[in-house]
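Student: Below are the sequence and a predicted model for it; my questions follow.
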Amino acid sequence: MAKSQKSTTGTGRKLRQRHPNHLPYHIAQTFQVELDELITRLAQTGGFKESYLRSEYLSKYNDPKGCSPAERRTAAIQKWMAAERINRVTNQRLFIGGHDLGYAKSEKLLRIAASKIKSVLGSLDYPSCLFKGSHSGGASTRVQRSPSSMIEKYAGEAHVSSTCVKHWLQFASNSMLSDQVLTLTESSAMFTVPKATDIDRVACKEPEINMFLQKSIGNHIRRRMRKFGINLNDQSINRGLARTALLDKSATIDLSSASDSITVFLVMRLLPYDWYSLLDDLRVKTTVIDGETHELEMFSSMGNGFTFELESLIFWALAHAIKACSGIRGKVSVYGDDLIIPISLARRLARTFAYFGFRVNRKKSRWTGKFRESCGGHYYDSRDVTPFYLREPVRWKTDVIRLLNRLAYWDAREIGFITDPDVLTFHQKWSMTIPRHLWGGQSFEDITSLVTGHNPRKVLAQEVVDVDVDESARKLCWFTNRRDEAVSFAVSPFIPDPCWVYDLASLPKWAHALGNFGLEYKPVTEGKWVVRSQPVWKWRTTFKPWLLQPMD
């Protein structure tokens, strides 16, 4: 028996040595149970902040013992198809037009919104507007999502829709990118990703050439909207406006299935014809769902490279049109489907948006009371009450670190140390399950080390290793313009032997900027967990979670 125990102990020690992120199952389960009990106690004795945490804490939890993946996927597709049925009705309504909304005619709203959008987009500078795209690391109809997917899209037979081919040829003409073989692919492919216990989230994989050019249009819209005071690169702007919403008399609006509700006829009515024609060529018109082809009533889905920017532009323009027709003054800010508008405009906007096919999420939209929420920031009477979430069962040390860091920040972000005795006791107890060499973390968003106020020590990290990809794909697109040589040249990554050499003087001016497209990307993947030293910090956190009862 003694030999057996010794053997078991030795195996456990070896397991911990091989897996620094290992956490025994019974400890993980006990931590999750006690955290849930703590949050319940806080809600019973605390105020709005504690009750709100209790209501939101498990709202995004993906319970493996709940609905099966097939059931979650089915629910997501059914919701998506329901949105498409609404889109069909919206397209018919907008085709007929001429609806009286009480305070204004729908045609007047469309004219004002279209004028706003025309000002933002500017004149169509073709083909220069196509030269700001890039491939991402996401999946396409040909390439699966992986650490090397970005570079793999530059090799092989790239997928492109028939309406997009002419624009790609215009873009790639006289450059090394024209060497890539194209395969016509007319449809996107639907897939789902986990969202909650009972439903997934729907997205569509598009042909990678379409996505490349779509991102260029998206980048153009981003840059142009900044000139009109909307920065789609910074969510903190909307969070700051949500914090001061009560003082500014503003409402926070959230839309349901917003990206799936932008209909073809709405885009046709709002965008200048040349811009609409270009975007219509770059999008796909159908998507494949479980082997069946569905013709889209929506203009673009999640997965399209310009969907986020286009929806932001449309919501911004429609909100300004409603405000102008209502004679109301006040701030309008958008970030995707998160809008901040004057309170006096809220109910009218909800009714008007319904006409254009958009549904206001009544649970997340606030224009009465003291609560406001936008872009992940939650505020009650201008006080930050943003909760943290348990998204899946606790299994690893990094899960415990993440939750302890979030708990500490939730309780102490306004002061700098934990003030609730229950939270303090819980945090101190479970900090002891994390090795002390992983104390001294510097960021509450980090999962690799625990924020304790100590000097930085060690962190958990995953080894980075090279991915074995095709050699022709590994040869990156690159340009050089050596000042000490008369000839500038570019090397094609698509024909490894022999490499083609181009005189840069023969290429368009935009070709010199191809280095900004992310072409110099080295594919990597994450390996096993290891313990490493903390990076060198220029500053140390002054946060002291245990200031009242310090621990060595």
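Tutor: Noted; the coordinates are in hand. Just so you know, these numbers come straight off a predicted model, no measurement behind them.
Student: surely Arg348 meets Ser326?
Tutor: Yes: with contact defined as CB atoms under 8 Å, Arg348 counts as touching Ser326 (6.1 Å). All C-beta atoms are positioned from the backbone trio N, CA, C, and that covers glycine.
Student: who's more crowded, the two?
Tutor: Between Arg348 and Ser326, counting by other CB atoms under 10 Å, Arg348 is the more crowded of the two (19 against 16).
Student: before we move on, which element is that one in?
Tutor: Here Arg348 sits within helix 346-355, counting by DSSP states H and E.
Student: Distance from the chain centre to that helix, please.
Tutor: Averaging C-alpha positions (CA atoms, centre = their mean, to the nearest Å) puts helix 346-355 26 Å from its chain's average.
Student: Point out the other helices and strands that that helix packs with.
Tutor: Applying 3 or more CB pairs under 8 Å, 6 or more residues apart in numbering; DSSP states H and E, one finds that helix 346-355 makes contact with strand 250-256, helix 307-326, strand 359-360.
Student: could you dump the helix or strand encompassing Ser55 to PDB, C-alpha only?
Tutor: Taking DSSP H and E as the criterion, Ser55 maps to helix 48-56. The C-alpha trace of helix 48-56 is given here as PDB (Å, rounded to 0.1, in the frame of the first residue of the first chain):
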ATOM      1  CA  PHE A  48     -27.100  47.800  -6.700                       C
ATOM      2  CA  LYS A  49     -23.500  46.900  -7.600                       C
ATOM      3  CA  GLU A  50     -23.600  43.600  -5.800                       C
ATOM      4  CA  SER A  51     -27.100  42.700  -7.000                       C
ATOM      5  CA  TYR A  52     -26.200  43.500 -10.600                       C
ATOM      6  CA  LEU A  53     -23.100  41.300 -10.300                       C
ATOM      7  CA  ARG A  54     -25.300  38.400  -9.200                       C
ATOM      8  CA  SER A  55     -27.700  38.900 -12.100                       C
ATOM      9  CA  GLU A  56     -24.900  39.200 -14.700                       C
END
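Student: what's downstream of it, the next helix or strand?
Tutor: Note on helix 48-56: by DSSP H and E, the next helix or strand toward the C-terminus is helix 69-96.
Student: nearest spatial neighbour of the residue nearest the centre of the chain, skipping sequence neighbours?
Tutor: In the chain, the residue lying closest to the centroid (CA atoms, centre = their mean) is Phe308, at 9.6 Å. Spatial nearest neighbour of Phe308, excluding adjacent residues (CB to CB, 6 or more residues apart in numbering): Gly336 at 5.6 Å.
Student: before we move on, what about Leu53?
Tutor: In this structure, Leu53 finds its nearest non-sequential neighbour in Pro387, 4.5 Å apart by CB to CB, 6+ apart.
Student: ok so, going back, need the residues that contact the helix holding Ser55.
Tutor: With contact meaning CB atoms under 8 Å, 6 or more residues apart in numbering, helix 48-56 is reached by 39-40, 42-43, 371, 378, 380, 383, 385, 387-389, 410.
Student: hmm, back to that, give me the common contacts of Arg348 and Ser326.
Tutor: What both Arg348 and Ser326 touch, as defined by CB under 8 Å, 6+ apart, is the set Tyr103.
Student: phi, psi of the nearest residue to Lys249 once chain neighbours are set aside?
Tutor: In space, and not counting its chain neighbours, Lys249 is closest to Ile343: 5.1 Å by CB to CB, 6+ apart. Main-chain dihedrals, Ile343, degrees, to the nearest 10: phi -60, psi -40.
Student: Just give the number of residues close to Ile343.
Tutor: Quick note: Ile343 (other CB under 10 Å) scores 18 neighbours.
Student: same check, this time on Leu182
Tutor: For Leu182, using other CB under 10 Å, the count is 17.
Student: beta partners of it?
Tutor: On the basis of DSSP bridges, Leu182 is bridged to Ala158.
Student: My read is that it contacts Val165, right?
Tutor: Yes: between Leu182 and Val165 there is a contact at 6.7 Å, judged by CB under 8 Å.
Student: And the strands in the stretch 101-250 of the chain?
Tutor: Under the criterion DSSP state E, counting those that start in this stretch, the stretch 101-250 of the chain contains strands at 158-160, 182-184, 187-194, 200-205, 250-256.
Student: Spatially, and excluding backbone neighbours, which residue is closest to Phe171.
Tutor: Distance criterion CB to CB, 6+ apart; nearest residue to Phe171, sequence neighbours excluded, is Leu130 at 4.6 Å.
Student: what residues are up against the one you found?
Tutor: Counting by CB under 8 Å, 6+ apart, Leu130 touches His167, Gln170, Phe171, Leu213, Ser216, Ile217.
Student: gap between it and Gln44?
Tutor: 59 Å (CB to CB, to the nearest Å).
Student: Same question for Arg348.
Tutor: Computed as CB to CB, the Arg348 to Gln44 distance reads 40 Å.
Student: Domain parsing of this protein, as residue ranges.
Tutor: The chain breaks down by automatic domain parsing into domains covering 20-57+395-476+521-552, 69-384.
Student: I'd like those written out as a markdown table, with distance to Asp63 and mean pLDDT added.
Tutor: Converted to a markdown table, these look like this (distance: least, CB to CB, whole Å; pLDDT from 0 to 100):
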| stretch | distance to Asp63 | mean pLDDT |
| --- | --- | --- |
| domain 20-57+395-476+521-552 | 11 | 84 |
| domain 69-384 | 4 | 93 |
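Student: Of those, which stretch is the most buried?
Tutor: Stretch with highest mean neighbour count among the domains of the chain: domain 69-384 (a mean of 19; mean count of other CB atoms under 10 Å).
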